[in-house]
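*Asks:* Output the structure for:
(chains A and B)
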Amino acid sequence: MPAQFDPAATEPRWAKTWFEEPFRADATSAKPPFTIVIPPPNVTGNLHLGHALDNTLIDTLIRHKRMAGYEVLYLPGMDHAGIATQMKVEQGLREEGKTRHDLGREAFLERVWAWKTQSGGTILEQLRRLGVSADWTRERFTMDAGLSKAVRHQFVRLYHEGLAYRGERMVNWDPVAQTTLSDLEIDRENRKGKMYTVSYSLEDSSLAASNGAAGEILIATVRPETIFADQAIAVHPEDKRFQHLVGQKARIPLTDHLIPIIADEAVEMDFGVGALKITPAHALTDFEVGERHGLKHPSVIDLHGHLTSDLVPEAFRGLERFAARKAVVAALQESGALIQEQDHTTAIGLSERSKAPVEPVISLQWFVNVKPLAQQALTGLEQGEITLTPERYTKVNRDWLENIRDWNISRQLWWGHQIPAWYDEEGRIYVPDAQNPDLDCDLDPRYQHLNLQRDPDVFDTWFSSNLWPFSTLGWPDEGNEDYSKFYPTQVLVTGYDILFFWVARMEMAGYGLTGKPPFETVMLHGLYLDSKGQKMSKSKNNGIDPLDLFDQYGVDACRFAFASLSTGGQDIKHDPRRFEQGRNFANKLWNATRFVKMRLSEVAQDLPLQDPFTPYIRTAAQMPTEASERSQSLLLLLVQQHQDKLSLADRWIISRLNAVTEQVSADLASYDIGAAIRGLYAFTWDEYCDWYLEAAKPNMSAQNTGTLVTLKLVLEHILKLLHPFMPFVTSELYESLGHRRQLAVHSWPLPDSVLHDAEATHAFDTLRSAVASARSLKNELGLSPQDRLNVAVLGEHAALVQDNTRTVEGIAKVKLVPALEGRTLSQVAPGVTVLAPLEGTVDLADWLGKQKKRLAELDKQINQAEGKLSNEGFVARAPAEVIEEEQRRIKEFGAQKERLEEVLKQF
RNA sequence: AGAACCGUAGCUCAGGGGUAGAGCACUACCUUGACACGGUAGGGGUCAGGGGUUCAAAUCCCCUCGGUUCUACCA
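*Replies:* Reported below is the predicted structural model:
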């Protein structure tokens, strides 16, 4: 066994095993289900740290539950990412000098599928490196037949319930991708621009607005190129400056068009010049104002972002919107209508995919009225059917469901689920019957006399990923085994940044279509930020590739870092030191095992150290009830069989292990994965390796069967507890200890109060104090570790130390003697004072300084405790345990103080 | 404009009414038969500031300052 753990030599074999012989979920099992569906990444995507974090947390929960005896399903898959995928394939076509229209819809889609088969989905391969224990036989894709059927059923149902409708509304248009977008596919970005003050002349030149000269009214705008589509000028109804002008008319500059001046509450009096132009076709708020005032909404910008329409003076027609802005500004300036131009920062909406500024347009699209669906989800949330952790996100979830707007679900793309709606020559809509949703209307015998054309558009990708928790399990076939067994799912793990669009939509779809919550618990984690605390983005080029981290530190180390950095949904700032810590920890574990194996093979070849329950695998009938588990507890068995042969250290580590087992299980139950791994790290390193292994060293002859068995079983127990977090190294080590079945299918240890041993814990703590004191003295005396120093022990627990002479001498590398002659250097600790002969070159002043500091500290603690106890309120109101603790502290610190003063008398 | 989170050792972060913690960094010593990706002994903090509640506040409440994020946006 090499002296260093080499992840590269270990990981590929296990990753391959877990992919080729996946952990298949058995829908017919009698075990209780535990289901997590992966948040499906884009088929175009690469693994980023968010995915790695998600899936580390998921796999940790999953591996734990599998070991704990649940029928576990971890369902992997991807979504088809409508726009992203289509743009990717179109990019390829462009390089061949073609467009998708050259191929036609059918050939284009064949090409997309070919791309998907060949180069899509690398992300799932990357995920395998992470060691996820997914059921790869159940991998799903949102464009699969089954999931497509689910989408179709969803639409048909919503249509017949009156919730899906077609209408003319203002939508977000991506002029590059040539499709509508939902609000959530838009990134807001603050950009520097200009705000223009423009003069509109009043029809009645005898009037004046107080913000301009006679005969004019000034308005402010950032989009002067849209003035040709203006339908009104709006002012606030209570704005005294303009009240006399309401109902009057003004002329759009560069044209002869007159528009009314209206009053609307949406206007902010204090902003700009107090008046603004209303352009209902080109801004959402303007559209809403227009609706209130019965304005028309002519458009002057076409779907490619060019100025068009008879309303536009010929000079500007055909200009691209940003070129048009320059031209219009120049013309306004020339005509004297441009009064002012000032710098102004506006939040501009950019298409998430094409990065083009989004153009609000009025268009005929399919929408879903989500209010009733949101209401059902809200009710479920209120009733606690879904729990969010951290709990504070419940409010965010609720706010989102309460304020949700109608959802534009149609996209002008080819890649996606084509909308199952047909139109006749008069534009009437035909949608399949609710009873027979799979029958296309143009194949429906009832409609053969009509010339039906199918809607060419496809659904928003979210209109399929909202079904993911149940479409992947066979819905709409609710009699399906998988659906019956594994739905609703238990946990959803994702970043809080997509609480809004994905989580809320799954909740609505779950309640609306299955009548059940899609998941019981939503576990939200924070964003993974770069080391400066900034969000990673392509534009900033500050992304960190998890695959590089895997290479550099090993996957277990990365999983350790992800797990230990994740606390309470806080954002995670990248810190390489945490990955080093994980790497070092994996190595520590490796070497602890190496040590145990070496010693056991030297000393104990004949000992019956085989785990008596290997290959014991818990079956359905043996669900972990407390009673059945007890009889199976290896540690309990160990304690029973070797009771007389256990050393103090053995008893101590078993008691501590039991406490840690209990704590880790509790942490996992409350989804506090960070606390769980931090606790395991501390126990493994600081207690098992630093103290127990050292204490065991002098006790490892063949007669010490208690220690030899403890050594091995505690190690195996640690490997089990760590397995969900660091599956590679633990599987490898467990196997190397002689187990034939892989660690992942062994059972999760349960704590047992019988193993709690307070006496051993206190006693061993005293030994630790004695050892630490002896080491400290050796340090003061400038001795090297191998020098055997004679030390004597005084104090309340001196006898205990003497009873464990071999252990203390072995760990501290000292020689315990009954007493010392002459001057001594001493170290006072709880329960014991350790003395060493004062010889050689010692910096006495330094040592005395430290002792005085220590004395002052003791005094401070004693005074604090006495202060509390002399406070009547404290004695009257504090709990009895707290009062006893203070009394104990006075006694303990008092004893130490006494001993310390005794020691200092010599000087 | 609303909402939430954060401010603890030099750095990155745990803790979350009753004794201030970890990793890294720092100082000194140690290549001792598991591990230098290691070991031992140390140094280092008025828990952002101010009020309040309480017998007791780093922890709960309020305010201020600083930082971050989300949502909505003002032409």
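
*Asks:* what sits against A:F683?
*Replies:* Contacts were defined as CB atoms under 8 Å, 6 or more residues apart in numbering; by that measure A:F683 touches A:656-657, A:660, A:718. Heads up, the C-betas are built off the backbone N, CA and C, glycines and all.

*Asks:* Write out the residues of the stretch 401-550 of chain A neighbouring RNA strand B.
*Replies:* Counting by CB under 7 Å from any atom of the strand, the stretch 401-550 of chain A comes close to RNA strand B at A:403, A:497, A:500, A:527, A:533-535.

*Asks:* Try it again at 6 Å.
*Replies:* Contact residues, the stretch 401-550 of chain A versus RNA strand B (CB under 6 Å from any atom of the strand): A:497, A:500, A:535.

*Asks:* Can you name every helix or strand that the longest strand seen in chain A contacts?
*Replies:* Looking across chain A with DSSP state E, the single longest strand is strand A:186-202. Applying 3 or more CB pairs under 8 Å, 6 or more residues apart in numbering; DSSP states H and E, we find strand A:186-202 packed against strand A:216-221, strand A:249-251, helix A:321-335, strand A:338-351.

*Asks:* Run the angle between that strand and strand A:216-221 for me.
*Replies:* 170 degrees (axes from the mean of the first three to the mean of the last three CA atoms, to 10 degrees).

*Asks:* Strand A:186-202 pairs with which strands?
*Replies:* Within its sheet, and counting by DSSP bridges, strand A:186-202 is paired with strand A:216-221 (antiparallel), strand A:249-251 (antiparallel), strand A:338-351 (antiparallel).

*Asks:* Alpha carbons only: can I get it in CSV?
*Replies:* The C-alpha atoms that make up strand A:186-202 are tabulated as CSV, following Å, rounded to 0.1, in the frame of the first residue of the first chain:
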residue,chain,number,x,y,z
ILE,A,186,-33.9,37.6,-19.5
ASP,A,187,-30.9,39.0,-17.7
ARG,A,188,-31.1,42.5,-16.4
GLU,A,189,-28.0,44.5,-16.9
ASN,A,190,-27.3,48.1,-16.0
ARG,A,191,-26.0,49.9,-19.0
LYS,A,192,-25.0,53.5,-19.4
GLY,A,193,-27.1,55.3,-21.9
LYS,A,194,-28.7,58.7,-22.4
MET,A,195,-31.9,60.2,-21.3
TYR,A,196,-33.3,62.7,-23.7
THR,A,197,-35.5,65.6,-23.0
VAL,A,198,-37.7,66.3,-26.0
SER,A,199,-40.1,69.1,-26.7
TYR,A,200,-43.5,68.3,-28.1
SER,A,201,-45.4,71.3,-29.3
LEU,A,202,-48.9,71.8,-28.0
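
*Asks:* A:I339: what's its closest spatial neighbour, skipping adjacent residues?
*Replies:* Distance criterion CB to CB, 6 or more residues apart in numbering; nearest residue to A:I339, sequence neighbours excluded, is A:T197 at 4.3 Å.

*Asks:* what sits against that neighbour?
*Replies:* Counting by CB under 8 Å, 6+ apart, A:T197 makes contact with A:218-220, A:272-273, A:338-342.

*Asks:* Go back to those and keep what's next to RNA strand B.
*Replies:* Within the set of the contacts of A:T197, contact with RNA strand B (CB under 6 Å from any atom of the strand) is found for A:220, A:272.

*Asks:* Out of the contacts of A:T197, who's the most crowded?
*Replies:* A:I219 (29 neighbours; other CB atoms under 10 Å).

*Asks:* Now do the contacts for that residue.
*Replies:* Listed by CB under 8 Å, 6+ apart, the contact partners of A:I219 are A:197-198, A:200, A:233, A:272-273, A:275-277.

*Asks:* Return the member of those nearest to A:D174.
*Replies:* Distance ranking of the contacts of A:I219 against A:D174, using CB to CB, places A:K277 first at 24.8 Å.

*Asks:* Can you name the residues bridging to the closest one?
*Replies:* A:I233.

*Asks:* Please, which helix or strand holds A:N587?
*Replies:* helix A:576-603 (DSSP states H and E).

*Asks:* Look up which helix or strand the residue of chain A most remote from its centre falls in, please.
*Replies:* Ranked by distance from the centre of chain A (CA atoms, centre = their mean), the top residue is A:S206, with 64.6 Å. In this assignment (DSSP H and E), A:S206 forms part of neither any helix nor any strand.

*Asks:* Wait, it touches A:L245, no?
*Replies:* No: contact between A:S206 and A:L245 fails when scored by CB atoms under 8 Å: they sit 11.8 Å apart.

*Asks:* tell me which residues in stretch A:462-482 are buried?
*Replies:* A:462-476, A:480, A:482 (16 or more other CB atoms under 10 Å).

*Asks:* Neighbour count and secondary structure added to the residues of the stretch 401-550 of chain A next to RNA strand B, as a markdown table?
*Replies:* As requested, these are exported to a markdown table (neighbours: other CB atoms under 10 Å; DSSP: H, G, I helix; E, B strand; the rest coil):
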| residue | neighbour count | secondary structure |
| --- | --- | --- |
| A:D497 | 15 | helix |
| A:F500 | 17 | helix |
| A:K535 | 12 | strand |
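
*Asks:* Reformat those into CSV and put distance to A:L794 and pLDDT next to each item.
*Replies:* Formatted as CSV, those follow (distance: CB to CB, whole Å; pLDDT from 0 to 100):
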residue, distance to A:L794, pLDDT
A:D497, 61, 84
A:F500, 67, 77
A:K535, 60, 86
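
*Asks:* any idea how far A:Q412 lies from RNA strand B?
*Replies:* In this view, A:Q412 and RNA strand B are 22 Å apart by CB to the nearest atom of the strand, to the nearest Å.

*Asks:* ok, now which ones touch that residue?
*Replies:* Shown in contact with A:Q412 (CB under 8 Å, 6+ apart): A:178-180, A:456-457.

*Asks:* Please identify which pair of those lies farthest apart.
*Replies:* Maximum pairwise distance in those, criterion CB to CB, is 13.2 Å, between A:T180 and A:P456.

*Asks:* So which bits of the host helix or strand of A:A682 are buried?
*Replies:* Assigned by DSSP H and E, A:A682 falls within helix A:673-682. The neighbour-count check on helix A:673-682 (16+ other CB under 10 Å) flags A:673-681 as buried.

*Asks:* would you say A:F725 is within a helix?
*Replies:* No: in this structure, A:F725 is coil, not part of a helix, as judged by DSSP: H, G, I helix; E, B strand; the rest coil.

*Asks:* what about chain A, any weak spots by pLDDT?
*Replies:* Chain A contains residues with pLDDT under 70 at A:604-639, A:840-841.

*Asks:* closest to A:H746 among the residues of the stretch 401-550 of chain A next to RNA strand B?
*Replies:* Set against A:H746, the nearest of these by CB to CB is A:D497 (36.6 Å).

*Asks:* Quick one: the strands in the stretch 151-300 of chain A, in order.
*Replies:* In the stretch 151-300 of chain A, the strands defined using DSSP state E, counting those that start in this stretch lie at A:164-174, A:179-181, A:186-202, A:216-221, A:232-235, A:249-251, A:258-263, A:275-278.

*Asks:* got the contact list for the first one?
*Replies:* Defining contact as CB under 8 Å, 6+ apart, one finds that strand A:164-174 is touched by A:83, A:155, A:158-159, A:179-183, A:185-186, A:284, A:287, A:303, A:349, A:351, A:353-354, A:356, A:358-369, A:406, A:408-409, A:421, A:429.

*Asks:* Was I right to think A:V709 contacts A:S647?
*Replies:* No: in this structure, A:V709 is not within contact of A:S647 by CB under 8 Å, at 11.6 Å.

*Asks:* And the residue of the stretch 351-500 of chain A that's closest to RNA strand B?
*Replies:* A:R392 (4.8 Å; CB to the nearest atom of the strand).

*Asks:* Next, count neighbours for that residue.
*Replies:* Neighbours of A:R392 (other CB under 10 Å): 12.

*Asks:* Please tell me how far it sits from A:N704.
*Replies:* Here the criterion is CB to CB, to the nearest Å. By it, A:R392 lies 52 Å from A:N704.

*Asks:* Also A:G894?
*Replies:* Using CB to CB, which is the criterion applied here, A:G894 is 39 Å from A:N704.
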